[in-house]
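Q: Mind folding the following:
(one chain, ligands or ions: 1)
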Amino acid sequence: MSHSNIAIFVPHAGCPHCCSFCDQRTITGKTQAPHAADVKAACEQAWDEVSDRTDTEIAFFGGSFTAIPRDYMTELLEAAKPFVGGSGFRGIRISTRPDCIDREVLEILRSYGVTAIELGAQSMSDKVLKANERGHSAAAVYEASQLIREYGFELGLQIMTGLYASEIGDERLTCQAVLDIKPDTVRIYPVSVLDGTKLAELYRSGEYKLMDFDTVISICAKAAAEFHKAGIRILRIGLHASEEVGSKLVAGFYHPALGELVRSRAVRDLIVQNMPDGCETLEVHVGKSMVSAALGHKKCNKEYFGKRGVTLDIVQDSTLESRQLTIGGKVFDCF
Ligand code: SF4
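A: Okay, here's the model as predicted:
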């Protein structure tokens, strides 16, 4: 199912403190918290503009929605509710912290037509959560996920790759935990170190040594391929490119086409795992959305195989679905 949002940002609303990596004002490009009138205006504007309202959700992002003072939280939901259901928008999506979920708040969310809850899990390693000042444990993610499921909401998890103190083993642990929880959706955010954050200080002092870019792309590609195979929908890889993020970027894994880089690596991994032994020329047929991912950014996949003595030919094939490819006669699905 395709997915579109009317994104309403509540930068840092409800957050008990600021996590090491976070600057929602820069990431969302918004500095002011919205009021009911802003929510109503955004919904009214989208009402006629979106082509399929039943495929669109009103989404409150950028803060800890369920930790917002109750009166303000319900004011926002009250303003969104009349636009949901029937011929209106599909539902309301919110993002929040795992330690801010309990039965009481889930009852409230349900009564206002909230359909999907995304949890900022970030890492499933307690060591990494502590080092990045998250203020909750991995156990809180398991518990909140279970409760969200019990109440029948769509569950999303957001994870970050390459956080301070995270090693390959921690990344692996996080990926496996996501597979175990099996949320409906996932967002993968390789770390962008933004000026003014604790991470920027740690990076400048030399305390935070970043993984190299290629390693992070490889971790994300493997995780995304496994999530896709497990039926977990990948909603996003990498931050949206924006002037604000670009201007405050100190270091990290930020690229305007990060999702495409990750997809290219996943295709490369798939070819390596499935190419016939000893072949010198390999023809890979791909659906129409896979051509550039298969070739790789600046044709890097072609170059990669060329260096190993294999000529890679990518052929667009209209008999394949848009994200399918065939290697040695076998059909594969990509995210
Ligand atoms: S990561 Fe989430 S909880 Fe932490 S400061 Fe950012 S929005 Fe708030």
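
Q: Residue 239 contacts residue 254, correct?
A: Yes: between residue 239 and residue 254 there is a contact under CB atoms under 8 Å: 6.5 Å. For every residue, glycine as well, the C-beta is placed using N, CA and C.

Q: what do those two both touch?
A: Jointly contacting residue 239 and residue 254 under the rule CB atoms under 8 Å, 6 or more residues apart in numbering are 192, 245.

Q: which residues touch residue 313?
A: Residue 313 sits next to 281, 282, 283, 284 when contact means CB under 8 Å, 6+ apart.

Q: Return the set of buried residues in the helix or strand hosting it.
A: Secondary structure assignment for residue 313, by DSSP states H and E: strand 311-316. When burial is assessed from 16 or more other CB atoms under 10 Å, strand 311-316 yields the following buried residues: 312, 314.

Q: Output that strand as CSV, restricted to C-alpha atoms.
A: The C-alpha trace of strand 311-316 is given here as CSV (Å, rounded to 0.1, in the frame of the first residue of the first chain):
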residue,chain,number,x,y,z
THR,A,311,30.9,-7.6,-16.8
LEU,A,312,27.5,-6.7,-15.3
ASP,A,313,24.7,-6.0,-17.8
ILE,A,314,21.5,-4.4,-16.4
VAL,A,315,18.5,-5.0,-18.6
GLN,A,316,15.2,-3.3,-17.9
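
Q: now stretch 135-155, how far from the chain's geometric center?
A: Counting by CA atoms, centre = their mean, to the nearest Å, stretch 135-155 is centred 17 Å from the centre of its parent chain.

Q: next one: stretch 66-73
A: 24 Å.

Q: again, but for stretch 284-294
A: Relative to the chain's own centre, stretch 284-294 is displaced by 23 Å; criterion: CA atoms, centre = their mean.

Q: Pull up the distance across that stretch, start to finish.
A: In stretch 284-294, first residue to last residue: 8 Å (CA to CA, to the nearest Å).

Q: Quick one: mean pLDDT for it?
A: Averaged over stretch 284-294, pLDDT sits at 95.

Q: Same question for stretch 140-153.
A: 98.

Q: can you check stretch 272-281 too?
A: Mean per-residue pLDDT for stretch 272-281: 94.

Q: Next to the ligand, which bits of the stretch 51-200 of the chain? Give me the list.
A: For the stretch 51-200 of the chain, the residues in contact with the ligand (CB under 6 Å from any ligand atom) are 63, 64, 97, 120.
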